[in-house]
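Visitor: any chance you can model this:
(one chain, ligands or ions: 1)
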Amino acid sequence: MANVSKTFARAGEPTISDFSLTVAPGELVSILGPSGCGKTTLLRLVDGLLSLDAGSIHIGGTPPQPSRRIGFVFQSFRLIPWATVLDNVAFPLELAGIARHEREDIARHWLDRVGLGRNGKSYPSELSGGMKQRVALARAFAGDPDVLLLDEPFASLDAQTREIMQLELLRLWEERKLTALFVTHSVEEAILLADRVVVMGPAPASLREIVEVNLPRPRTDAVRSASEFLDLRMRLTRMIRDLITSDPRSPFFNRL
Ligand SMILES: Nc1ncnc2c1ncn2[C@@H]1O[C@H](COP(=O)(O)OP(=O)(O)OP(=O)(O)O)[C@@H](O)[C@H]1O
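Guide: Next up, the predicted model:
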């Protein structure tokens, strides 16, 4: 994406301004930044749900448009409450016109991959938060996307489930090696997952820094105690805090 800008009519000033980033196929990029700096907006521009005011976005050479090529995983799971787990995973495949047998086979495969092979007949209300997010991940992977957009997918999970889900996502991503943009507020999560961490700040300079994460893969829990991990965590934590406390619109302006 090159020189991307987006202004919401009611906001008056730009939410995203002059944002440029090239993501390699198979790369996992984490996006960090203070609340309200435009991280979700950026994902919605990549998904084609929102239109650009300026600049361009290309995914494998073509402009974005909502399709099976792009998978989205949300913090709020967004499962269909009255559909079974199997039907939830199969639903986007149904929209894509895939025959019932085939779509159910694909859905069963991905439910197996996330450890929910026995829960296909359950309803979302019968599942824990971690299980719901596994269903959402299975649904996203079942669509066989080229690009996966994840918007704080683990933010509502308890700490232990969150750590398990991070490793689970890494396992699936390493198998499929799809291109992924992962929005998070957790510096630790951003580093653990990513090849690069993009730090966003409020407009007029949406892109503040791109940090390479040169930790070995596969990433395991042991990575969290590596000295490079701890140094990066400190550096990024300070960077985000400075962005918050130096922003005159932030309630924490000049506080620390
Ligand atoms: N549809 C919309 N109309 C008007 N303003 C919007 C719209 N969507 C988002 N905004 C504004 O754009 C700004 C960025 O919102 P966005 O949700 O992208 O930020 P974020 O970095 O993802 O925030 P958070 O980390 O809190 O989730 C906010 O000020 C928000 O109020």
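Visitor: show me where the protein has its strands.
Guide: In the chain, strands defined by DSSP state E lie at 2-6, 16-19, 28-32, 54-56, 70-74, 147-151, 179-183, 196-200, 207-212, listed in chain order.
Visitor: quick one, what contacts the most centrally placed residue in the chain?
Guide: Here the mean C-alpha position of the chain is nearest to the C-alpha of Leu150 (C-alpha atoms, centre = their mean), at a distance of 1.8 Å. In this structure, Leu150 makes contact with Phe72, Val73, Leu169, Ala180, Leu181, Phe182, Val183, judged by C-beta atoms under 8 Å, 6 or more residues apart in numbering. Where you see a C-beta, it was placed from the backbone N, CA and C, and this is true even at glycine.
Visitor: same question, Ala136
Guide: For Ala136, the residues meeting the contact criterion (C-beta under 8 Å, 6+ apart) are Val73, Phe74, Phe77, Arg78, Leu79, Pro153.
Visitor: can you check Arg113 too?
Guide: The neighbours of Arg113, taking C-beta under 8 Å, 6+ apart as the test, are Ala138, Phe141, Leu172.
Visitor: domain boundaries for this structure, per the record?
Guide: 1-48+147-256, 70-144 (automatic domain parsing).
Visitor: save the strands of the chain as CSV, and put in distance to His109 too.
Guide: Conversion of the strands of the chain to CSV gives the following (distance: least, C-beta to C-beta, whole Å):
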stretch, distance to His109
strand 2-6, 36
strand 16-19, 36
strand 28-32, 22
strand 54-56, 36
strand 70-74, 15
strand 147-151, 17
strand 179-183, 20
strand 196-200, 31
strand 207-212, 34
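Visitor: any chance of the ones you listed in JSON lines, with mean pLDDT too?
Guide: Output for the strands of the chain, formatted as JSON lines (pLDDT from 0 to 100):
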{"stretch": "strand 2-6", "mean pLDDT": "93"}
{"stretch": "strand 16-19", "mean pLDDT": "92"}
{"stretch": "strand 28-32", "mean pLDDT": "97"}
{"stretch": "strand 54-56", "mean pLDDT": "93"}
{"stretch": "strand 70-74", "mean pLDDT": "91"}
{"stretch": "strand 147-151", "mean pLDDT": "96"}
{"stretch": "strand 179-183", "mean pLDDT": "97"}
{"stretch": "strand 196-200", "mean pLDDT": "97"}
{"stretch": "strand 207-212", "mean pLDDT": "96"}
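Visitor: with distance to the ligand added, can I get these in JSON lines?
Guide: Conversion of the strands of the chain to JSON lines gives the following (distance: least, C-beta to the nearest ligand atom, whole Å):
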{"stretch": "strand 2-6", "distance to the ligand": "8"}
{"stretch": "strand 16-19", "distance to the ligand": "8"}
{"stretch": "strand 28-32", "distance to the ligand": "9"}
{"stretch": "strand 54-56", "distance to the ligand": "16"}
{"stretch": "strand 70-74", "distance to the ligand": "11"}
{"stretch": "strand 147-151", "distance to the ligand": "7"}
{"stretch": "strand 179-183", "distance to the ligand": "7"}
{"stretch": "strand 196-200", "distance to the ligand": "7"}
{"stretch": "strand 207-212", "distance to the ligand": "13"}
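Visitor: thanks a lot, catch you later.
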